[in-house]
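Chemist: Sequence below, structure please.
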Amino acid sequence: AKPGRMTSFVARGSHGLAFNNGPPDFSETDCQSIQCKVMKFSPDGNIVAWCDAQNVYVLELPSRRQICRLPRPKTIGLAISPRGSYICTWSPYAVTAATPAGSPNLHMWRLSSGEPVAQFVQKKFDGWSPQWTHDEVVCGRNVNNEVQFYGEGSIGGTPTAKLRLQNVAGFSVSPSGPPYRIAAYVPGSKGAPSFVRIYQYPNFDGPGSALANKSFFKADQVELHWNRKGTGLVVLTTIDVDKTGGSYYGEQGLHFVSIGGESCAVPLAKKGPIYSIDWHPNSNEFCIVYGYMPAKATLYNAKCEPIYDFGTGSRNTVHFNNHGNILCLAGFGNLRGHMEFWHRKELKLISRAQASDSTSFQWSPDGEHFLTATTSPRLREGNGYKVWHYTGKLLYQWEVAKPKDELWEVTWRPSPPETFPEKPIVMPSQEEQQRQDEAAKPVAYRPPGARGKPPSTVKIHEEEPPQGALKEEGKQQSKSALKNKKRREAKAKEREQDSEAVAAAAVVSPAADNPCLDRVDSEKKLRNLKKKLKQIEQLKQQQKEGKQLEANQIEKLKNEEDLVRQIRELE
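Modeler: Numbers count the residues shown, from 1 in each chain. This next block holds a predicted model:
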């Protein structure tokens, strides 16, 4: 680590706001006995702000020198710009007798002086925070039917650029640049599909201004996940009601869009919800946890091609550490809290651990340690946090002093990526790994009548092993799994024999000697060509009506002459 910089974290709860050192000493350095409802670090970790229901206090770290105090008593939302130049506060929108039209509830302040810079009316809490580019050159906020952007020094004045889209519901600024890229989402209405478009600031006007466009149905809301370089975007779509009746929780889809205009649906090998998405820090791959339990986890490259399948398990979250050399797959919330840590380069399992009743997980900036916590209001019993090492070793544990006390949040103090250098990965010994595996195995409940008898070998779910580990784990598979495997191999062999027989028959009686077969094949090919030509005519009509076509649709239009020529030859 850089000189003078070590990991630290903050715990916020009914006891107040406690600042703690990270490994190895875990000493408490300060505690503010206040009712703190919101707390926020700056992205570089050099500033922290909180509200005690009376004022917003902004402190410099690690000295804890007070930078300013803002008189905003009902603040429940805080945001600090990437370089720590501005702070935004949000309080619930209210109408009073003195202000029947309402008053501004979103305020922006300059941190160096504590002076107000701008104020706006922002009724909804969702998407309330303005978004900056990483260098603070551009700031944007969503207003009715448009996204307004302010250049450097123009905040509080006239917007320098506007992205006008009817019913725009959200936007996201890429985490890199210049050039700066903006992704905007517009929900579908009256039979029209929803769409996400990527623009390059400030080129928002004109028919060809969008760098990429992806439209889709079944999307009541979306999540936009940029990679760190701002070259690719993963779009998670969610519809609240699954009209097919397949799921009570609605239906989800996953799409990839690149700034080069390419887009596609991410292929998923299992049906069910999509729980978690995380990009690798190198921006070239991402991992997804998805599917009905036991959930599947798959690693994809930037072309949406599966790289590695981690099999299935009791998991609903995925997290790369800051260096990208370790991947954590875990199951929290209503799951048992099992965690797996994988060596990304070698794709080997490093360790297993279990943090029962956990509601949150966060990697430390050093890439070696992580926090798990049980917080309110998700769980009101047994609130506390634990600090672990990726080898599965528990280093520190803290619980609330009284049963009625609550822990609301635990978070590491952020650090720039270059602060902590990457260290070689330490693999646990075989004995330690066996001990972790035994500790991670849940002890099944056995009724009194079944105790003392051999355990049942029946499994509700047959978990799939990671890709490439089938041979090694073949001896450990159950009888039913081995039986199914033999059945699949027999069917594959039967299909292979059938195909060989068909090929042999073709050699004896080639299709060229059978004019009936030739005529059937020609008619089938002609129907397919006419179908493609009809699709091209529909696309041309949509283009005339002003609809912007995707890159693959434009490629189809270029094939029109070739299709017409083939149809004439067959006719």
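Chemist: Could I get the full set of helices for this protein?
Modeler: In the chain, the segments counted as helices under DSSP state H are 430-440, 479-508, 515-544, 551-558, 560-570.
Chemist: ranking those helices by mean pLDDT, which is last?
Modeler: Ranked by mean pLDDT, the helices of the chain end with helix 479-508 in last place, scoring a mean of 59.
Chemist: Distance check, Ile182 against Gln542.
Modeler: The gap separating Ile182 from Gln542 is 25 Å, by CB to CB, to the nearest Å. C-beta: built from backbone N, CA, C; applies to glycine.
Chemist: Equivalent analysis for Pro416, please.
Modeler: With the distance defined as CB to CB, Pro416 ends up 47 Å from Gln542.
Chemist: of Ile182 and Gln542, who's got more company?
Modeler: Between Ile182 and Gln542, Ile182 has the larger neighbour count (other CB atoms under 10 Å), namely 25 against 13.
Chemist: Without its sequence neighbours, what residue ends up closest to the more buried one?
Modeler: Spatial nearest neighbour of Ile182, chain neighbours left out: Tyr199 (4.9 Å); criterion: CB to CB, 6 or more residues apart in numbering.
Chemist: Show the contacting residues for the one you found.
Modeler: Leu163, Arg181, Ile182, Ala183, Ala184, Ser209, Ala210, Leu211 (CB atoms under 8 Å, 6 or more residues apart in numbering).
Chemist: Buried ones among the residues you listed?
Modeler: Buried members of the contacts of Tyr199, counted by 16 or more other CB atoms under 10 Å: Leu163, Arg181, Ile182, Ala183, Ala184, Ala210, Leu211.
Chemist: so how far is Lys218 from Ile288?
Modeler: Taking CB to CB, one finds Ile288 at 18 Å from Lys218.
Chemist: Pick out whichever of these two has more residues nearby.
Modeler: Set side by side, Ile288 and Lys218 show more neighbours around Ile288, with 23 against 17, by other CB under 10 Å.
Chemist: residues touching that one, list them.
Modeler: Counted by CB under 8 Å, 6+ apart, Ile288 has contacts Leu254, Val266, Leu268, Ile274, Ser276, Ile277, Ala297, Thr298, Tyr300, Val318.
Chemist: Also Pro202?
Modeler: Neighbours of Pro202 in contact, by CB under 8 Å, 6+ apart: Phe149, Thr160, Ala161.
Chemist: again, but for Leu533
Modeler: So Leu533 contacts Glu560, Leu563, Val564, Ile567 (CB under 8 Å, 6+ apart).
Chemist: I figured Pro465 was touching Gly311, is that so?
Modeler: Yes - using CB atoms under 8 Å, Pro465 is in contact with Gly311, at 5.0 Å.
Chemist: If you average pLDDT per helix and strand, which one of this structure comes out bottom?
Modeler: Ranked by mean pLDDT, DSSP states H and E, the weakest helix or strand in the chain is helix 479-508, scoring a mean of 59.
Chemist: about what we covered before: in CSV, list the contacts of Tyr199 along with pLDDT and distance to Gln54.
Modeler: As requested, these are exported to CSV (pLDDT from 0 to 100; distance: CB to CB, whole Å):
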residue, pLDDT, distance to Gln54
Leu163, 90, 38
Arg181, 93, 40
Ile182, 92, 37
Ala183, 93, 38
Ala184, 91, 38
Ser209, 86, 47
Ala210, 88, 46
Leu211, 90, 46
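Chemist: Format these as a markdown table; extra columns: distance to Val235.
Modeler: Converted to a markdown table, the contacts of Tyr199 look like this (distance: CB to CB, whole Å):
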| residue | distance to Val235 |
| --- | --- |
| Leu163 | 17 |
| Arg181 | 14 |
| Ile182 | 14 |
| Ala183 | 8 |
| Ala184 | 12 |
| Ser209 | 19 |
| Ala210 | 14 |
| Leu211 | 14 |
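Chemist: Out of these, the closest to Ser85 would be?
Modeler: Of all the contacts of Tyr199, Ser85 sits closest to Ile182, with 20.6 Å by CB to CB.
Chemist: That closest one and Asn203 touch, don't they?
Modeler: No - the criterion here is CB under 8 Å, and Ile182 misses it with Asn203 at 9.9 Å.
Chemist: Could you list which of the contacts of Ile288 belong to strands?
Modeler: Counting by DSSP state E, the contacts of Ile288 place Leu254, Ile274, Ser276, Ile277, Ala297, Thr298, Tyr300, Val318 in strands.
Chemist: With neighbour count as added columns, please give these in TSV.
Modeler: Shown next, in TSV, are the ones in strands among the contacts of Ile288 (neighbours: other CB atoms under 10 Å):
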residue	neighbour count
Leu254	20
Ile274	19
Ser276	18
Ile277	19
Ala297	26
Thr298	23
Tyr300	20
Val318	24
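Chemist: does Leu570 really touch Lys524, like I thought?
Modeler: No - the pair Leu570 / Lys524 is not scored as a contact, 10.3 Å apart, by CB under 8 Å.
Chemist: any idea how far the closest residue to Ser172 other than its chain neighbours is from Ile198?
Modeler: Residue nearest to Ser172 in three dimensions, not counting chain neighbours: Leu224, with 4.2 Å by CB to CB, 6+ apart. Per CB to CB, Leu224 is found 10 Å from Ile198.
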